[in-house]
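Novice: show me the folded form of this:
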Amino acid sequence: MEKLIECRYWKEYQGLNGWTMFCSAGAFAKVFDRKEAEEIGCTDQQRAICKKTMEQNIGYGLLPKITAAAKESTKDEVKTPAEGELAATLNRQ
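Specialist: The predicted model follows:
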């Protein structure tokens with residue numbers, strides 16, 4: 001079946017209860033700047049279509065957040081978690 005919405009983030013599959021259609025960028029809380037969003041086709045008009053399709057299909061719609069401009073992150077802004085904040089992944093003896 002041809003996809004209803006042509007976008008690399010748009011997912012469609014048929015489950016036991018029928019078709020499920022959603023935006024994976026919205027589902028995983030992606031953040032795009034305005035320029036990047038327009039490059040991938042995530043315009044205000046397209047977002048309205050995607051949201052309406054999701055709401056009709058699964059009852060709600062999650063869209064990616066669009067920011068005004070890209071923020072350059074510097075190394076000083078990146079916070080390294082303290083040892084107590086890290087998940088236990090190693091069995092230390």
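Novice: secondary structure class for the residue most central in space within the chain?
Specialist: For the chain, the residue sitting closest to the mean C-alpha position, by C-alpha atoms, centre = their mean, is residue 25 at 1.8 Å. At residue 25, secondary structure determined by DSSP: H, G, I helix; E, B strand; the rest coil is helix.
Novice: below-threshold pLDDT in this structure: ranges please.
Specialist: 1, 70-93 (pLDDT under 70).
Novice: remind me, longest helix of it?
Specialist: helix 44-58 (DSSP state H).
Novice: please name every helix or strand in contact with it.
Specialist: Contact here means 3 or more C-beta pairs under 8 Å, 6 or more residues apart in numbering; DSSP states H and E; on that basis helix 44-58 packs against strand 18-23. (Glycine included, C-beta is placed from N, CA and C.)
Novice: give me every residue that touches the residue nearest to the centre of the chain.
Specialist: Neighbour list for residue 25: 9, 32, 42, 63, 64 [criterion: C-beta atoms under 8 Å, 6 or more residues apart in numbering].
Novice: who's in contact with the longest helix of the chain?
Specialist: 4-5, 7, 10, 19-23, 60-63.
Novice: just the buried residues out of these, in ChimeraX syntax.
Specialist: Only the buried entries of these go into this ChimeraX selection, using 16 or more other C-beta atoms under 10 Å:
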select :5,7,10,21,22,23,61,62,63
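Novice: how about the contacts of helix 44-58 in TSV, adding distance to residue 50?
Specialist: Shown next, in TSV, are the contacts of helix 44-58 (distance: C-beta to C-beta, whole Å):
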residue	distance to residue 50
4	10
5	6
7	8
10	7
19	15
20	14
21	9
22	9
23	6
60	12
61	7
62	10
63	7
